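J.: fold the following.
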Amino acid sequence: MRRIGWLSLLLLGWCMLVPASASARQVAEFEVRGWDVHAYTDDTTGAFSNCVASAEYESGMVLAFQIGADFSWNMAVFDSPVRFKKDQRVQVSFQVDSGRTRKATATAEDKDFLLIPLPDDVALFNEFRQGRLLRVFFSGRTAGFRLDGTAAMLAALLDCADRYKDTKSDVSGGKRGKGDGDSARDGGKGGGGDVSTGSGFFVTADGAALTNAHVIEGCEEAVISGYGPARIVATDAANDLALLKVKTAATTTPARFRRKHLQLGETVFVMGFPLAGQLDNGLNFTSGIVSSLAGPGNDTRSLQLTAPIQAGNSGGPIVDTSGLLVGVTQAKLSEVAALRSGGAFPQNVNFGIKSDLAASFLRANAVDPQEAEAGEALSAVAIAQGGRDYTVQVKCTPK
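T.: Sure thing, here's the model as predicted:
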């Protein structure tokens, strides 16, 4: 499976889902586990339209998933070897691994582009998340698609729709959040756009900090609250990590990484600055347990935890009972209306990046993380107090 670097086909394809007089404007772009994800608004009304995730395969075909403003969802196959007439109805069957074969009536949006509506069915959603191979049958042909990274991608796609559902694009191409008139703006950037906020933590004594790549996606530089502008030193989109460095001289307290591997059931604590503008500006501190040593799609680079997290926690530290870093907060499995009518997703299904992967990223960028063996358990109060020294809020304004 290969990422695709072009957008015109997707823009053309998904413009057809909005009224004929409308066209689409891209307002965000990021990558998740090899999938390109884009958020669009309707160019006529300015309202959020949909989020699309796509990947190109060695066969030359492209598989894509889309979640709309009403959280309905579709699957699409581009560059089909079969040619269709526009608006032709095509009977399609598809199967994930050896599971149930499902049928749908697809629409040919172009000569080589099939749009396949998907039902509001949580069981199907989870089949895609957990599956390894998708087979699509149409017009006497079978197309196979590996589902690498689909678990993380679908969770991110839901979060994308949830995040941008109130976005409004103006006619001149700017972007604004509906009802965000009082939100903070980055006065150091022209062009005006919603400020992206997340969390991070210092990893050196001279102002280098770690966060998620998606927190600073689309930004030329960031701001670390209390320390000012920060240079984006390096990003790893595949593993969702980014290294920042404050531009002015600063003495900072780095988080310490734990050498010992995590154990299932361990108590962990999450720190960060969620829901900027809705909660107070102080450090938010929650606790939970390690519920799985693998993330979406059995990805052993990640961990699953029950500690509650919210938008804005991304990039913050996950620490153990001795206050040592064991992970980086990454994502929440969104319960976004459970695809409106398909039931409810489990609560407190949250994900983090394991600290050993974060440490490898730092070393690859000439930063030697401070490490320690697991120490004595501290009180939650002591862990929170220590976390105040190295946990920071990260802000930036996407271009």
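J.: surely residue 160 forms part of a strand?
T.: No. Per DSSP: H, G, I helix; E, B strand; the rest coil, residue 160 lies outside any strand segment and is helix.
J.: for it, which residues are in contact?
T.: 28, 37, 39, 51, 67 (C-beta atoms under 8 Å, 6 or more residues apart in numbering). In short, each C-beta sits where N, CA and C put it, glycine included.
J.: go again with 7 Å.
T.: 37, 39, 51 (C-beta atoms under 7 Å, 6 or more residues apart in numbering).
J.: let's see if you can find the most crowded of those.
T.: With neighbours taken as other C-beta atoms under 10 Å, the top of the contacts of residue 160 is residue 51, carrying 28 neighbours.
J.: beta partners for residue 210?
T.: residue 201, residue 243 (DSSP bridges).
J.: quick one: pLDDT of it?
T.: The model reports residue 210 with a pLDDT of 97.
J.: same thing with the one 3 residues further on?
T.: Model confidence at residue 213, given as pLDDT, is 92.
J.: surely it meets residue 241?
T.: Yes. Assessed by C-beta atoms under 7 Å, residue 213 is found in contact with residue 241 at 5.8 Å.
J.: and the closest residue to residue 196 other than its chain neighbours, what is it in contact with?
T.: In space, and not counting its chain neighbours, residue 196 is closest to residue 396: 5.4 Å by C-beta to C-beta, 6 or more residues apart in numbering. By C-beta under 7 Å, 6+ apart, residue 396 lies in contact with 186, 196, 216, 219, 221-223.
J.: Serialize the contacts of residue 160 to CSV and add fields for distance to residue 151, secondary structure and pLDDT.
T.: Shown next, in CSV, are the contacts of residue 160 (distance: C-beta to C-beta, whole Å; DSSP: H, G, I helix; E, B strand; the rest coil; pLDDT from 0 to 100):
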residue, distance to residue 151, secondary structure, pLDDT
37, 14, strand, 89
39, 20, strand, 88
51, 16, strand, 90
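J.: in TSV, list those residues along with distance to residue 104.
T.: Below are the contacts of residue 160 laid out as TSV (distance: C-beta to C-beta, whole Å):
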residue	distance to residue 104
37	23
39	25
51	21
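J.: looking at those residues, which is nearest residue 370?
T.: Using C-beta to C-beta, residue 37 comes nearest to residue 370 of these, at 33.8 Å.
J.: now the closest one: how far from residue 85?
T.: To residue 85, residue 37 is 30 Å away according to C-beta to C-beta, to the nearest Å.
J.: which pLDDT value belongs to the closest residue to residue 287 other than its chain neighbours?
T.: Spatial nearest neighbour of residue 287, excluding adjacent residues (C-beta to C-beta, 6+ apart): residue 269 at 5.0 Å. Note on residue 269: pLDDT of 96.
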